[in-house]
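Undergrad: Give me the fold of what follows.
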Amino acid sequence: MPEITPAESQALRTLIARDTGLSFDSSGLARLHSGVRQRLAARGCASVGDYVRLLASPQETDELVELIDLITVPETRFFRDQRQFEVLQQQLLPELARVRRAAGAPPEIRLWSAACATGEEAYSLAMVALEALPGWRVQVLATDISQRALCIAARGHYPVGRLDPVPPVLRTRYFERHGADYVAAPHLRAAVTFQRLNLTAAGLQLALPPPMDVILCENVLIYLEPAAVARLAATLHTMLRADGYLLLSASESLWRTSSQFVIEVRDGVFLHRKAPTPAAGTDTVPDQDSLVSDPRQNRHDRLPLGRQPDRLSPSVRARGEMSRDRPGPMPSLADRPTPAATSGTPPATSAAALLAEAQVLADRGAFGAARALATRACAAAPLDARAHALDGMLAAQLGDLPAAVRALERAVYLDPTLPQTYYQLGTVYRRLGHHERAQRALRQALRLLDRQPATGSVADTTAVLLAEACRRLLQAP
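TA: Numbers count the residues shown, from 1 in each chain. Sure, this is the predicted structure:
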């Protein structure tokens, strides 16, 4: 089997990115190369160059489909993010139904699982909607770029263990037992329409006509090139109803990509909504204090997309980014005076001053006192990614892992360009046993590191070390 040279590898990546928007970082090259070698043998190509030319041929569209099936890895399960589905069933769908009734609209709801993989997400959406809106016509569009995954989804056959996340009452109501498998019942299957779709292609034609009331597009953005993310954001905006909701995964955001959305936070779940059209002559980015309610409550916080918070300072970036998965014993704080106590100056009140004091305390090992200041900084500046990142790192050091996840997820939403924050989030997910989420966060850290240009500075050395740490964790059991 011929070796794939760096130039050939780059040609393959460029060709795939052009047609699908998919990006392959250093951690995904092995999967890409393995898939290409299989297709070389299947097509009888003598060299990788011959296969690249075949793949680029306008007459060989089916070959790209075959390759995509080999190099994409469907990652899904029923009710993957339970928080999202609870908010959807208990809040969003009932609210949308009230609005539709008040407008005299027919009792129907349309939802889109944009990257449905093997179908578990689409069926989860359908079950939630059928439960929340009895008597309504529920239509779920389930799309994916992988034809192989869609075939599995359309069959609706799943091994018994795959349905473990499905509550018994829903399992009984929506599935039938066939030997060692569960099979989606006819009334559940009737609610879902499957379609193969390349989300980044121009002029998408959906099998169910838009607009959509709710779109789930989870773990897609992190696999795409930046230009493809921008195209997809515009597509999702077009397909979403004016008062509808777009849900991404906890570690994805459109903050840097699109000013067409605002973020709303409900019970810790991030929701994207269409930004209101500003009146002529008005500021398109409202003041943050008017958009964000008490961040500790997190029920209806609204964050504008488009205003970019400051990046983490080098000292904050480096703090804890190479820490071990489990912290050591916490030092005593009894004999560690705070900066305010030793300097005689009044306590800091601005977010910047609070963060500076928190960093000094963290450097001294006073993690509890440092976190108290970081939490105050988050309240003072709810849109400052630095504050949430430091709060999350300190919470992880203190062993408060659920709080660390919440803070770090908000940090990557507010600034999704910092690999060290994704690395920290990945390590916390690992400690919680959320290995699938950990893998995604670590891979996203690697993607961001791969895209950083080399400058020959000390920062390059830090980036290399961080990339090595990500790879070690990705390879660890």
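Undergrad: next helix or strand past the helix or strand hosting residue 379?
TA: According to DSSP states H and E, residue 379 maps onto helix 367-380. Scanning forward in sequence from helix 367-380 by DSSP H and E, the next helix or strand is helix 385-397.
Undergrad: I'd like to know which elements the helix or strand following that following helix is packed against.
TA: For helix 385-397, the following helix or strand on the C-terminal side (DSSP H and E) is helix 401-414. Under the contact criterion of 3 or more Cβ pairs under 8 Å, 6 or more residues apart in numbering; DSSP states H and E, helix 401-414 touches strand 269-274, helix 385-397, helix 419-432. Every C-beta, even on glycine, is put in place using the N, C-alpha and C of the backbone.
Undergrad: Quick one: mean pLDDT for the last one?
TA: Mean pLDDT, taken over the full extent of helix 419-432, equals 90.
Undergrad: Report the angle between that helix and helix 401-414.
TA: Counting by axes from the mean of the first three to the mean of the last three Cα atoms, to 10 degrees, helix 419-432 lies at 150 degrees to helix 401-414.
Undergrad: again with the first one
TA: Regarding strand 269-274 and helix 401-414, their directions subtend 20 degrees when assessed with the same axes, to 10 degrees.
Undergrad: could you say what helices and strands strand 269-274 packs with?
TA: helix 82-87, strand 240-247, strand 261-266, helix 401-414.
Undergrad: ok, back up a step: deepest of the helices and strands packed on helix 401-414, which one?
TA: helix 385-397 (a mean of 28; mean count of other Cβ atoms under 10 Å).
Undergrad: What is the least confident helix or strand in the protein?
TA: Across the helices and strands of the chain, mean confidence by mean pLDDT, DSSP states H and E is lowest for helix 314-318: a mean of 30.
Undergrad: what's the nearest residue to residue 198 once chain neighbours are set aside sitting at in phi/psi?
TA: Nearest residue to residue 198, sequence neighbours excluded (Cβ to Cβ, 6 or more residues apart in numbering): residue 145, at 5.4 Å. In terms of degrees, to the nearest 10, the main-chain angles of residue 145 are phi -80, psi -20.
Undergrad: from what I can see residue 145 touches residue 196, true?
TA: Yes. Applying Cβ atoms under 8 Å, one finds residue 145 in contact with residue 196, separated by 7.0 Å.
Undergrad: In terms of packing, which of the two has more residues around it?
TA: Neighbour count, other Cβ atoms under 10 Å: between residue 145 and residue 196, residue 145 has more, with 23 against 15.
Undergrad: distance of that one from residue 117?
TA: 10 Å (Cβ to Cβ, to the nearest Å).
Undergrad: okay, the helices and strands packed on helix 401-414 in CSV with distance to residue 351 next?
TA: Shown next, in CSV, are the helices and strands packed on helix 401-414 (distance: least, Cβ to Cβ, whole Å):
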stretch, distance to residue 351
strand 269-274, 21
helix 385-397, 6
helix 419-432, 17
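Undergrad: Compare those and give me the one nearest residue 192.
TA: strand 269-274 (22.4 Å; Cβ to Cβ).
Undergrad: Tell me which residues are up against the closest one.
TA: 81, 83-84, 87, 92, 237, 240, 242-248, 250, 253-254, 260-265, 305, 409-410, 413 (Cβ atoms under 8 Å, 6 or more residues apart in numbering).
Undergrad: and what of stretch 225-244?
TA: Contacts of stretch 225-244 (Cβ under 8 Å, 6+ apart): 17, 20-23, 96, 99, 112, 114, 199-200, 202, 204, 206, 210-215, 217, 220-221, 224, 246, 254, 257-258, 260-261, 273-274.
Undergrad: Now which of those residues would you call buried?
TA: Among the contacts of stretch 225-244, those scoring as buried are 17, 20-23, 96, 112, 114, 199-200, 206, 210, 212-215, 217, 220-221, 224, 246, 254, 257-258, 260-261, 273-274 (criterion: 16 or more other Cβ atoms under 10 Å).
Undergrad: Can you give me the neighbour number for residue 398?
TA: 16.
Undergrad: what's the residue nearest to it when sequence neighbours are not counted in contact with, if anything?
TA: Among residues not flanking residue 398 along the chain, residue 367 sits closest, at 5.5 Å (Cβ to Cβ, 6+ apart). For residue 367, the contacting residues are 330, 361, 394, 397-398, by Cβ under 8 Å, 6+ apart.
Undergrad: how much space between residue 367 and residue 156?
TA: With Cβ to Cβ as the criterion, residue 367 and residue 156 are 49 Å apart.
Undergrad: Give me the next element, helix or strand, following the helix or strand hosting residue 169.
TA: Assigned by DSSP H and E, residue 169 belongs to helix 168-174. Where DSSP H and E defines the elements, the next helix or strand beyond helix 168-174 is strand 175-178.
Undergrad: That next one packs against which elements?
TA: strand 181-184.
Undergrad: Any idea how far the strand it packs on is from the middle of the chain?
TA: Put simply, strand 181-184 sits 29 Å off its chain's centre (Cα atoms, centre = their mean, to the nearest Å).
Undergrad: just checking, what packs against that strand?
TA: In terms of contacts (3+ Cβ pairs under 8 Å, 6+ apart), strand 181-184 is packed against strand 157-159, strand 175-178.
Undergrad: Please identify the deepest-packed of the ones you listed.
TA: strand 157-159 (a mean of 16).
Undergrad: So what are the sheet partners of that strand and their directions?
TA: strand 181-184 (antiparallel) (DSSP bridges).
Undergrad: Domain map for the chain?
TA: 6-71, 82-304, 314-475 (automatic domain parsing).
Undergrad: Mean pLDDT lowest where, among these?
TA: Among the domains of the chain, domain 314-475 scores lowest, with a mean of 73.
Undergrad: neighbours around residue 372, how many?
TA: Residues lying near residue 372 (other Cβ under 10 Å) number 18.
Undergrad: same question but for residue 377, I mixed them up
TA: Using other Cβ under 10 Å, residue 377 has 26 other residues around it.
Undergrad: Check residue 49 too.
TA: Neighbours of residue 49 (other Cβ under 10 Å): 14.
Undergrad: What of residue 64?
TA: Neighbours of residue 64 (other Cβ under 10 Å): 19.
Undergrad: Equivalent analysis for the one 3 residues further on, please.
TA: In terms of burial, residue 67 registers 22 neighbours under the definition other Cβ under 10 Å.
Undergrad: Figure out the helix or strand that it lives in.
TA: Taking DSSP H and E as the definition, residue 67 sits inside helix 61-71.
Undergrad: Buried residues of that helix, list them for me.
TA: Neighbour-count burial for helix 61-71, counted by 16+ other Cβ under 10 Å, picks out 63-64, 66-71.
Undergrad: Report the two of the residues you listed separated the most.
TA: 63 and 71 (12.5 Å).
Undergrad: list the contacts for the closest residue to residue 247 other than its chain neighbours?
TA: Of all residues not flanking residue 247 in the chain, residue 216 sits nearest, at 5.0 Å (Cβ to Cβ, 6+ apart). Residue 216 sits next to 84, 111-114, 121, 125, 247 when contact means Cβ under 8 Å, 6+ apart.
Undergrad: Residue 152 now?
TA: Taking Cβ under 8 Å, 6+ apart, one finds 118-119 in contact with residue 152.
Undergrad: helix/strand/coil for it?
TA: Look at residue 152: counting by DSSP: H, G, I helix; E, B strand; the rest coil, its state is helix.
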